[in-house]
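J.: give the three-dimensional model of this entry:
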Amino acid sequence: MTQRFYFLAASQVTANVGFVLYTMAVTSYVKENTGSTALASMITMTSLLARLLSGFSVPLLAGKYKSIHIMRSVQMMQIGMLVGLYVLLTQEFTVTVLTIGFITIGIISFFNGFFFVFKTSVVRSLVSDSQRMQANSLLSTIDQTFLFAGWSLGGFVLSLTGFTYSLFITAGLLLFSFVCLLFIKEAHIYKQPEKRSVAKLMEGWRFLWIHKRIRALVIMDIIESLVGTIWIGAITLSFVKEVLGKGEAWWGYINGAYYFGSIVGGIIVYRMSSMVKGRLFLFMFLGSIGYAVLTGFKRVYNQHKITHEYKLKNVH
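T.: Below you'll find the model as predicted:
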């Protein structure tokens, strides 16, 4: 791997850790000021929908500008929006502040979506075809490892600094990510035939409509992302505070355990690659069933614990 590839990896890692800390900070802010788990869960929902929207908008920029230039631009825009969000959240809490906050969060996530989509194009220009799979695998492993560390330590950092200073830390991480991008020079740009904007936007939808298996995978991924992001955000925070009686640090530990499991699962799949090859849909189906069963078991356990805590309070 080249030195430029490792600069890209460092940029991705710091951007991811920063986004984790920022998500935890704003979720904690909304939960603390509204007391509503539903509103707090809208943070991750807003982020996910904004990132999906940016993904659909990619064809408008692809082929016109170098991917590395787009990545640098969106990082600077995110830093600016984070500073604005910090100023906003230090004001007295009102419905107007909450509304503008959600809009700002959506814009930040929109730009964040561009960063990770165009990263793939930059990887393609930095490594040879024979190294591409190895490069993507390495990036994925590094990504999951630091997400685990980010969620594990993020709760601890949040409990020490508070949500406003956590936003400054996030801005610092994104600034470091931007500096890393300055050391990357994209080898070439992938030119595409000029098409009208509407035609570019509809191209991806037509592809999904024609290819049923790809469409099914995309729908599965969207549903899993919606459920997973809500669960790992506000619902887990509410469980930690209201049922366990713990602070944000334990929220981070629980979410860190989730990503640790993802790392272990990735290692198992890698070791069993010969068995998985040719049976991808079967293993995806089994994985989804297992995910559902364990989530159901967790729901029953949580309900039992909540009922037990309620009875103990009534006794005393």
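J.: can you pull the contacts of Glu32?
T.: Listed by CB atoms under 8 Å, 6 or more residues apart in numbering, the contact partners of Glu32 are Phe163. To be clear about C-beta, it is placed using only N, CA and C from the backbone, and glycine gets the same treatment.
J.: chain center to the helix or strand encompassing it, what's the gap?
T.: Using DSSP states H and E, the element containing Glu32 is helix 3-34. Chain-centre distance of helix 3-34: 8 Å, with CA atoms, centre = their mean, to the nearest Å.
J.: in it, what counts as buried?
T.: 4-31, 33 (16 or more other CB atoms under 10 Å).
J.: kindly list the longest helix within the chain.
T.: helix 132-182 (DSSP state H).
J.: so in the protein, where's the weakest helix or strand by average pLDDT?
T.: helix 197-210 (a mean of 56; mean pLDDT, DSSP states H and E).
J.: spatially nearest residue to Phe148 (excluding sequence neighbours)?
T.: Tyr259 (3.8 Å; CB to CB, 6 or more residues apart in numbering).
J.: so what pLDDT did that neighbour get?
T.: Listed pLDDT for Tyr259 reads 70.
J.: check which helix or strand it maps to.
T.: helix 248-271.
J.: which strands or helices does that helix pack on?
T.: When contacts are defined as 3 or more CB pairs under 8 Å, 6 or more residues apart in numbering; DSSP states H and E, helix 248-271 packs onto helix 3-34, helix 132-182, helix 236-238.
J.: what does that helix rub up against?
T.: 24, 28, 140-141, 144-145, 147-149, 151-156, 158-159, 232, 236-237, 240-241, 244, 276.
J.: run through who's touching stretch 170-186.
T.: 3-4, 7-8, 10-12, 14-15, 17-19, 21-22, 25, 66-68, 71-72, 75-76, 78-79, 82-83, 86, 122, 125-126.
J.: could you check how far that stretch is from the centre of its chain?
T.: Offset of stretch 170-186 from its chain centre (CA atoms, centre = their mean): 18 Å.
J.: could you do stretch 22-37 as well?
T.: 17 Å.
J.: just the C-alphas of it, formatted as CSV.
T.: Once non-C-alpha atoms are left out, stretch 22-37 reads as follows in CSV (Å, rounded to 0.1, in the frame of the first residue of the first chain):
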residue,chain,number,x,y,z
TYR,A,22,-21.0,14.1,17.5
THR,A,23,-23.9,11.7,17.3
MET,A,24,-23.6,10.8,20.9
ALA,A,25,-23.4,14.5,21.9
VAL,A,26,-26.5,15.7,20.1
THR,A,27,-28.5,12.6,21.1
SER,A,28,-27.6,13.3,24.7
TYR,A,29,-28.5,17.0,24.3
VAL,A,30,-32.0,16.2,22.9
LYS,A,31,-32.7,13.5,25.5
GLU,A,32,-31.6,15.7,28.4
ASN,A,33,-33.6,18.8,27.3
THR,A,34,-36.8,17.1,26.1
GLY,A,35,-36.9,13.9,28.1
SER,A,36,-38.2,12.2,24.9
THR,A,37,-36.7,9.0,23.6
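J.: ok, Gly101 - contacts?
T.: Gly101 makes contacts with 26, 29-30, 85, 88-89, as judged by CB under 8 Å, 6+ apart.
J.: rerun at 7 Å
T.: Neighbouring residues of Gly101 by CB atoms under 7 Å, 6 or more residues apart in numbering: 85, 88-89.
J.: just the residues you listed now: which is nearest Ala292?
T.: Using CB to CB, Leu85 is the member of these that lies nearest Ala292, at 35.5 Å.
J.: against Phe118, how distant is the closest one?
T.: Distance, Leu85 to Phe118, using CB to CB, to the nearest Å: 23 Å.
J.: low-confidence ranges in the stretch 1-150 of the chain?
T.: 1, 62-63, 130, 132-134, 137 (pLDDT under 70).
J.: how does it look with 90?
T.: Judged by pLDDT under 90, the stretch 1-150 of the chain has its weakly predicted residues at 1-71, 74, 83, 85-93, 109, 111-150.
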